[in-house]
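> Return atomic coordinates for the entry below.
(one chain, ligands or ions: 1)
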Amino acid sequence: MPISTDKFHFFQTLGTPNALPSGFEAALDHERLRVEVVRPDLLRVRVSRAGRFEDKPSSAVCADLAALPAAEFALDESASTITLATAALTLHVTRAPFGLRAVRADGSVIFETACKAGQSLAYGELNERFVVTRACAREDAFYGLGEKSGAFNRQGRTFTLWNTDICNGGATEEFTKERPAGDPRKDPGSTEFDPYYISIPFFYHQPGHAAAGSGSPVSGFFIDNPWRGEFEFPVGGTYRFAFQNGYYDEYIFAGPGMPGILEAYTALTGRMSPPPLWALGHHQCRWYDYTQAGLLELAQAYRDRAIPCDVMWLDIDYMDGFRVFTWDEKKFPDPGAMIARLREMGLGLITIIDPGVKHEPGNPLCTEGLRDRLFCETSLGTPFVGCVWPGKTLFPDFSLPETRAWWGRLNAEHVRHGIAGIWNDMNEPATFIGDLGSMRFGHGRSEHARFHNEYATLMAMGTVEGLRAAMPELRTFVLSRAGSAGIQRYAANWMGDNRSSWDHLWLSLPMAMGLGISGQPFVGADIGGFGDHSDGELLARWYQCAAFTPFFRNHCCAGFRDQYPWSFGPAVEKICAAAIDGRYRLMPYLYACFLQASETGAPVQRPLIFDHQDDASARDLDDEFLLGAHLLVAPVTAKGLTSRHLYLPAGSWRDWWTGEAVEGGRHLLVPTPRDRIPVFARGGAVIPLWTGAPQTTQGHFPEEIELRVIVPIEDGATTSILHEDDGLTFAHEAGAFFRTTFRLARDGNTLTLAASVAGKGFPEFRRTRFRLSFPGLPSLPRVVGGEAIEEGGSLVLPNAGTPLSLKIAL
Ligand code: MIG
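Next up, the predicted model:
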C-alpha cells in the first residue's frame with residue numbers, strides 16, 4: 001500500500017549540536033536528533049518523540065552497546081552543516097533544510113535523505129506515525145527485509161511488516177480486500193503475497209553497477225522498531241519507510257561489503273548458536289492423525305527402505321483435544337516408551353506446541369495462568385479470549401518475563417521423556433476471530449501492535465530458557481513459523497504454508513536467501529509442498545533442491561495425499577533416496593557452513609551477490625543459490641525440464657557430478673536429467689564428505705572423511721574448513737572439537753594442500769584418515785611431498801586431527 005504523507009509534518013531545522021561521548025545531539029524542530037558512532041562503519045541515528053528516546057525499543061538488539069570500545073570520530077560545525085567523520089565514513093548533516101548524507105572514505109554514497117522544492121523530506125511525523133524518505137536511482141537494487149515473497153531484488157515493490165498467517169482469511173483480508181482484481185498480491189497463495197509470517201526491518205541498498213564504476217558498494221539499514229512498518233522501494237526517485245508507532249531508531253551500516261554488513265548486523269542482533277547435528281538431518285513431518293504404533297511403523301518404513309532420517313514429528317493431533325503440553329492417551333498410551341524406541345532407531349521426536357491455551361474450567365494451565373495474570377488481557381483488564389484449534393483460547397503474554405519463565409517450565413516438563421526439540425506454530429499470533437486489537441500486553445497496558453511482531457521471538461525466548469534448564473548439556477532446537485529481528489538467536493524458521501506447486505518450489509529460493517541475508521540462516525520450506533496434492537516429479541525435484549538447503553523437512557497438510565519419498569512408486573523413491581543420501585554424504589561440509597553462520601552470520605543458503613557483489617550478472621539471480629561459499633546449486637523448478645540456464649560467476653568451477661571443469665563468468669545451458677540437478681563446486685575448494693550415507697547422523701563418528709579436492713583451473717589459493725565435534729553438547733565451547741582449516745593452492749602444475757588444526761579433540765572422535773578424491777582429473781595425481789597411500793583410485797592420508805602438508809604434481 002503506498003504510504004500517504006500529505007498531512008505529515010516534515011522536520012526542517014536543526015539547532016546547535018552538543019557533543020556526546022559517542023556522537024552528538026541537536027534540536028530538530030520540536031524534537032532532538034541524536035547520532036552515535038557504534039563502530040567506525042556503523043552509526044545509530046535517532047529522533048526523539050515527546051522529547052524522549054527509548055534505549056531498548058525492542059528485543060532485537062542483544063549486544064551491550066555501552067560495552068563496545070569507543071570509536072573515534074571528529075565533529076565539525078559550520079553555520080550550514082554538521083560533519084561527523086570516522087575512519088570509515090563521513091556524515092554531513094545540513095541544518096536548514098534538515099538533511100543527512102553519508103559517504104565512505106572513497107566518496108561513494110552510503111545514503112542521502114530526500115528534499116523537494118527546498119523542503120526536507122528526511123523525517124516526518126503525523127501523530128504516532130513517522131516516515132523517512134531517501135534518494136535512490138533507477139539502477140539500484142534493494143535486498144533483505146527477511147521473509148518476503150517474490151523476487152530477491154525488492155526494487156519496484158512495497159512491503160508491509162506485520163506477521164501474518166497467510167492461510168487465515170481473517171488475517172489476510174485487510175491486505176487482499178483493497179487490492180484490485182488481477183493483482184497477484186490479492187491471492188495469499190500466490191508467490192507475490194505480502195505480508196508473510198516474519199518481520200525483519202533490515203535491508204540493503206546497492207547502487208547500479210554501472211553507476212558505481214568498478215566497485216559496487218552496498219549499505220545496510222536496520223530500523224529497530226517492532227511496530228507495523230511499510231517499505232516502499234520504487235524504481236528510482238525516492239524510497240521510503242514508515243512505521244505506525246514507536247521511535248525512529250536506525251543503525252546504518254557503511255559496508256561496502258555485504259558479508260561485513262551482515263557480520264555487524266548479527267553482532268547487534270545475535271547469531272544462531274551451533275545447532276545439534278541431527279537438526280541438519282532429514283525430518284519426517286505430516287499433519288496427520290498418527291497413533292503411537294503408526295508413528296513407529298512409519299519410522300520402521302524409513303529403516304526398511306534404508307532412507308536416512310533423523311527426526312519424526314508430531315503435529316497437533318497428538319494432543320488431548322488440542323490442549324498444549326498434553327498427550328492423547330488413547331492414541332499415545334506410552335510416549336516415553338515410543339521416544340525410547342525411536343531413539344534406538346537413531347530417531348529423535350519433535351512435537352508441536354502452539355501458544356493458545358484452551359480456555360476451560362479445570363484446565364490447570366488455564367487456572368494457573370489466570371491466577372498469575374500470565375495471559376494477554378483486553379483494555380478492560382479481562383483475559384483476552386481468541387479462538388484456535390482447542391476452541392476458546394487464552395494467549396500467554398510473552399512480553400512478561402514471568403510468562404516466559406512459566407512457559408519455559410512447561411516446555412521443560414513436556415520434554416522430560418526425551419523429546420528432542422519443539423515446533424512453534426500459530427505464533428504470529430494467529431486466531432480465527434479476526435481483529436487482534438483487543439489482545440493487549442503488559443496487563444492490558446500495551447497496545448497489541450507493540451508486541452505483535454515480537455510475539456514469536458519472545459515465545460521462543462521462553463521456550464529455549466526452559467529447554468536449557470531441562471537439558472543443560474544439550475544444544476536446543478526450536479522451529480518457529482513467525483519471527484522478528486533476532487529470532488535467529490532462539491529458533492530456526494520454516495517458511496509456513498506453501499503449496500505443492502512448481503512456483504512455490506521456486507519461491508522457496510529467494511525467500512530463503514532473503515532470510516539468510518537478514519540474519520536467519522536456519523531456514524527451509526516444506527518439502528513436497530504443504531497445501532494441495534504433491535506429485536512424483538515435483539516431490540523428486542523438491543528433494544533434489546532441498547537436500548542443499550539448511551532445514552530439510554518433508555511436511556504436508558491434512559487431507560492431501562501421501563508424499564513420503566516412496567509414495568509415488570520406485571522410480572521417484574530412488575531419486576528422493578539418492579537426494580537424501582547425497583545430503584548425508586555432504587554433512588561435514590554443511591555442518592561447517594552452519595558453524596560459520598554461527599560465528600559470522602554468513603548465510604548457509606545465500607544469493608550469488610553475497611560472494612560476488614561486483615558482478616552485475618549475479619545481482620538479480622534468484623533461481624540459483626550458493627550453499628556456503630563453495631557450492632552453487634541450480635534447482636529445477638519447472639515440470640518436464642530437460643535442461644536449464646544458469647550463470648556461473650567468475651572463477652573456475654567443476655560439475656559436482658562429473659568433475660568436468662568449467663570456466664565461470666558466463667551463462668550455461670546444463671542438462672537436467674531426472675536423477676539430478678545442476679550443482680557446481682568452486683575451484684580451489686576442499687569439500688569434506690562422509691564416505692557413505694548413514695541412516696542417521698546420531699552416533700555417526702566415522703573413521704574416514706573424504707576430501708573432495710576441487711582442482712582449480714587457474715593459480716591461486718582457497719581456504720576451506722572441516723569442523724568436527726560431538727554435534728550435541730556445549731563441550732565444543734571448552735575446546736572439545738577439531739577444526740581443520742585447509743588451504744589448497746595451485747601454482748602451475750603443482751598443487752599444495754596444507755591444513756592447520758585447532759581444538760583439543762573430543763571423546764567420540766574416531767577419524768584415522770582422509771581419503772582424497774580429485775574429480776575431473778584423468779588420473780590420480782602424483783604425490784611429490786608428504787605421505788599418502790594410493791588405494792582404490794584415491795589417495796589415503798592417515799590423519800587423526802593433526803596438521804598436514806601435501807605436494808601434488810598435476
Ligand atoms: O491452521 O498444525 O503452518 O505446518 O501443519 C493450520 C497444523 C495450523 C499451520 C502450520 C502447519 C501445520 C498446521 N498449522
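> contacts, neighbours, all on C-alpha from now
Noted.
> Which positions in the protein make contact with the ligand?
When proximity is defined by CA under 6 Å from any ligand atom, the chain lies next to the ligand at W287, D315, I316, D425, G496, D497, C557.
> If we only consider those residues, which is nearest to V61?
D425 (23.8 Å; CA to CA).
> Any idea how many residues pack against that closest one?
Per other CA atoms under 10 Å, the neighbour tally for D425 reads 23.
> where do the strands sit along the stretch 701-810 of the chain?
Using DSSP state E, counting those that start in this stretch, the strands of the stretch 701-810 of the chain run over 704-709, 716-725, 737-747, 750-758, 769-773, 782-785, 789-791, 794-798, 804-809.
> Paired strands for the fourth one, with orientation please.
I take that to be strand 750-758. Strand 750-758 has its sheet partners listed here by DSSP bridges as strand 737-747 (antiparallel), strand 804-809 (antiparallel).
> Need the residues that contact that strand.
737-746, 801-810 (CA atoms under 8 Å, 6 or more residues apart in numbering).
> from those, which would you call buried?
737-746, 801, 804, 806-808 (16 or more other CA atoms under 10 Å).
> Point out where this protein drops to low pLDDT.
Along the chain, segments meeting pLDDT under 70 span 1, 211-214.
> any idea which residue sits dead centre in it?
Residue closest to the mean C-alpha point of the chain, counted by CA atoms, centre = their mean, is Q520 at 2.4 Å.
> do you know how far that residue is from the ligand?
Distance of Q520 to the ligand, given as CA to the nearest ligand atom, to the nearest Å: 18 Å.
> In three-state terms, how would the closest residue to that residue other than its chain neighbours be classified?
Using CA to CA, 6 or more residues apart in numbering and skipping residues adjacent in sequence, the residue nearest Q520 is Q488, 5.1 Å away. Classification of Q488 using DSSP: H, G, I helix; E, B strand; the rest coil returns helix.
> What residue in the stretch 151-300 of the chain comes nearest to the ligand?
W287 (4.7 Å; CA to the nearest ligand atom).
> Now do the contacts for the closest residue to the ligand within the stretch 701-810 of the chain.
Residue nearest to the ligand within the stretch 701-810 of the chain: L728 (25.9 Å; CA to the nearest ligand atom). By CA under 8 Å, 6+ apart, the residues touching L728 are P275, P276, L277, L474, R475.
> ok, it to S273 distance?
According to CA to CA, to the nearest Å, L728 and S273 sit 12 Å apart.
> got it, and G462?
With CA to CA as the criterion, G462 and S273 are 16 Å apart.
> Pull out the buried positions in stretch 31-51.
So, applying 16+ other CA under 10 Å, buried residues of stretch 31-51: 32-49.
> Okay, and the beta partners of A809?
A809 has these beta-bridge partners by DSSP bridges: T750, R782.
> Indicate the residue of the stretch 551-700 of the chain located nearest to the ligand.
Nearest to the ligand, among the residues of the stretch 551-700 of the chain, is C557, at 5.5 Å (CA to the nearest ligand atom).
> can you tell me the helix or strand for that residue?
Using DSSP states H and E, C557 sits within no helix or strand.
> need the contact list for it.
R286, W287, Y288, F530, G531, D532.
> same thing with S120?
Neighbours of S120 in contact, by CA under 8 Å, 6+ apart: F10, F11, Q12, P97, F98, G99, A114.
> cool, and R138?
G208, V235, G236, G237.
> Equivalent analysis for S149, please.
S149 touches T191, E192, F193, D194, Y196, L507, P510, M511, counting by CA under 8 Å, 6+ apart.
> now swap in G659 and tell me
G659 sits next to P775, G776, L777 when contact means CA under 8 Å, 6+ apart.
> Next up, phi/psi of it, please.
For G659, the backbone dihedrals (degrees, to the nearest 10) come out as phi 80, psi 0.
> Could I get the full set of helices for this protein?
Applying DSSP state H to the chain gives helices spanning 169-176, 258-269, 292-304, 335-344, 364-371, 401-414, 448-451, 455-470, 502-516, 536-546, 570-585, 587-600, 608-611.
> got the contact list for the nearest residue to H448 once chain neighbours are set aside?
Leaving aside its sequence neighbours, H448 sits nearest to R440 (CA to CA, 6+ apart; 4.5 Å). Neighbour list for R440: C376, E377, T378, S379, F384, S446, E447, H448 [criterion: CA under 8 Å, 6+ apart].
> Which of those ranks first by neighbour count?
Going by other CA under 10 Å, C376 tops the contacts of R440 with 30 neighbours.
> Distance check, that residue against the ligand.
With distances defined as CA to the nearest ligand atom, the gap from C376 to the ligand amounts to 21 Å.
> Excluding chain neighbours, what is closest to that residue?
Excluding its sequence neighbours, the residue lying closest to C376 (CA to CA, 6+ apart) is D397, at 4.7 Å.
> dump the residue contacts of the one you found.
D397 sits next to L374, F375, C376, T403, F441, G442 when contact means CA under 8 Å, 6+ apart.
> I'd like to know how far the last one sits from P383.
Distance check for G442 against P383: by CA to CA, it reads 12 Å.
> Export the contacts of C557 as CSV, with columns for neighbour count.
CSV is the format used below for these (neighbours: other CA atoms under 10 Å):
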residue, neighbour count
R286, 21
W287, 17
Y288, 17
F530, 25
G531, 20
D532, 17
